[in-house]
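Enquirer: Just to be clear, the model below is a prediction. Sequence and coordinates:
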Protein chains: 2
Amino acid sequence: MAGPEVFLPEGFAQVERKRALCRQYGMEPSARQGDFLKYEGGDKFTFGTMISRHNEELMDASDIVIANLTPFRGVSADPGTVYELGYMVARGAKAFGYTNTARPYATRVAEDHYGGDTRTAETGRLVGPDGLMIENHEMIDNLMIDGGIARSGGFVIRHEAPPKARLTDLTAYEACLARIAETLLGR
Amino acid sequence: MAGPEVFLPEGFAQVERKRALCRQYGMEPSARQGDFLKYEGGDKFTFGTMISRHNEELMDASDIVIANLTPFRGVSADPGTVYELGYMVARGAKAFGYTNTARPYATRVAEDHYGGDTRTAETGRLVGPDGLMIENHEMIDNLMIDGGIARSGGFVIRHEAPPKARLTDLTAYEACLARIAETLLGR
């Protein structure tokens, strides 16, 4: 289970909800326990690397990854989640994702980041006022994300959650679990 | 070589500049050629997965990764670059990074994303007005990024480039190459 839940006000409760759902569909979740590591002073950077290491060890012990790719503080998924997705695909794991917005990446970049101020450059590319290309592959995010998931044999569930529940709605997550259970576990 | 250069107006020229510098420091760059794949109509999603696959094959043939982690359209690095970083660390590669801002992640999130509107929650965490925790590990980005690089045996170069050259300045990239050449190649 990869996702930005840890940043939520009730993040650990949300993780426990996701863990419980995962078990309902016949899979054992790898997410850490709430009290797995406690900061007790000292170097913050070193403490951060301890958490990172713990997460990588959880990934090394996992067979698949289900990534919450809902946009986080901007137009793209949480970077920690994206890192974990790349990590798991490289390990040969099947990767699955879900996002709580049905709007494709190109639309979000054009509307949310550039406020609609886009143009077609001489090269034929759609660009923002800063000249940067707006990637448009009818994907949910950067093509490495969607491409990696597709190549691994997984899929992405797109769901339009109510704006206030964007980071907590578990409809798409559960749809993802159900489809994995059906296709991988034959349930 | 991982980075968002492909989105720049003169992206392929910038990649060639980076390739040339890489060779100057005794390493063979893996970055794709400008005309490696051309879109000739058809399904955009499928074309995107072809590019993704090409990039993963380049990574599979690479010994190290040097990631341009300069913030891209927001407070974090380009998600494609972050995916590639996770992918390379999982492969056991040494990972290196550079960023063209010296401002740490927590500062960028607090100031650039929340406009300074932050508070300390009852849990003791620094949060934005949306209640989301602002990660503070004195790192350049999400802890999976800095942690993965540190764990791989690599390092990150931080450099404050002029704002207009944020995505093109190669000072930190070259400093990264020089230090890799010195430490890995003994040059």
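Expert: That came through fine. Numbering: from 1, shown residues only, chains lettered A, B, ... in the order given.
Enquirer: So for chain A, the centremost residue is which one?
Expert: residue A:69 (2.7 Å; Cα atoms, centre = their mean).
Enquirer: Residue A:45 against residue B:146, yeah?
Expert: Yes. Using Cβ atoms under 8 Å, residue A:45 makes contact with residue B:146 at a distance of 7.3 Å. Every residue, glycine included, has its C-beta placed from N, CA and C.
Enquirer: if you count what's nearby, which of these two comes out ahead?
Expert: In this view residue A:45 and residue B:146 are compared by other Cβ atoms under 10 Å in any protein chain shown, and residue B:146 has more residues nearby, 24 against 16.
Enquirer: Helix or strand: which one has residue A:23?
Expert: For residue A:23, the enclosing helix or strand under DSSP states H and E is helix A:11-24.
Enquirer: List the residues that are in contact with both of residue A:45 and residue B:146.
Expert: B:137, B:139 (Cβ atoms under 8 Å, 6 or more residues apart in numbering or on different chains).
Enquirer: What ranges does chain A have for its helices?
Expert: Per DSSP state H, chain A carries helices over the ranges A:11-24, A:44-60, A:79-90, A:105-108, A:143-152, A:171-183.
Enquirer: Buried deepest among those helices, which one?
Expert: helix A:79-90 (a mean of 29; mean count of other Cβ atoms under 10 Å in any protein chain shown).
Enquirer: other SSEs contacting that helix?
Expert: helix A:44-60, strand A:64-68, strand A:94-99, helix A:143-152, helix B:79-90, helix B:143-152 (3 or more Cβ pairs under 8 Å, 6 or more residues apart in numbering or on different chains; DSSP states H and E).
Enquirer: sorry, back to before: show the contacting residues for the residue nearest to the centre of chain A.
Expert: A:77, A:81-82, A:85, A:97-99, A:140-141, A:145, A:156.
Enquirer: Look up phi and psi at the residue of chain A positioned farthest from its centre.
Expert: Residue farthest from the centre of chain A, counting by Cα atoms, centre = their mean, is residue A:122 at 34.2 Å. Dihedral angles of residue A:122 (phi, psi; degrees, to the nearest 10) stand at phi -60, psi -30.
Enquirer: what do you get for the one 10 residues further on?
Expert: Taking degrees, to the nearest 10, you get phi -80, psi 130 for the backbone angles of residue A:132.
Enquirer: Same check on the one 10 residues further on?
Expert: Residue A:142 has phi and psi values of phi -50, psi 140 when expressed as degrees, to the nearest 10.
Enquirer: Neighbours of it, how many?
Expert: 27.
Enquirer: how near is it to residue B:89?
Expert: From residue A:142 across to residue B:89, the span is 18 Å (Cβ to Cβ, to the nearest Å).
Enquirer: ditto for residue A:10
Expert: 30 Å.
Enquirer: go on, residue A:61?
Expert: 16 Å.
Enquirer: what's the answer for residue A:106, then?
Expert: 29 Å.
Enquirer: Residue A:28 now?
Expert: The separation that residue A:28 has from residue B:89, given Cβ to Cβ, amounts to 24 Å.
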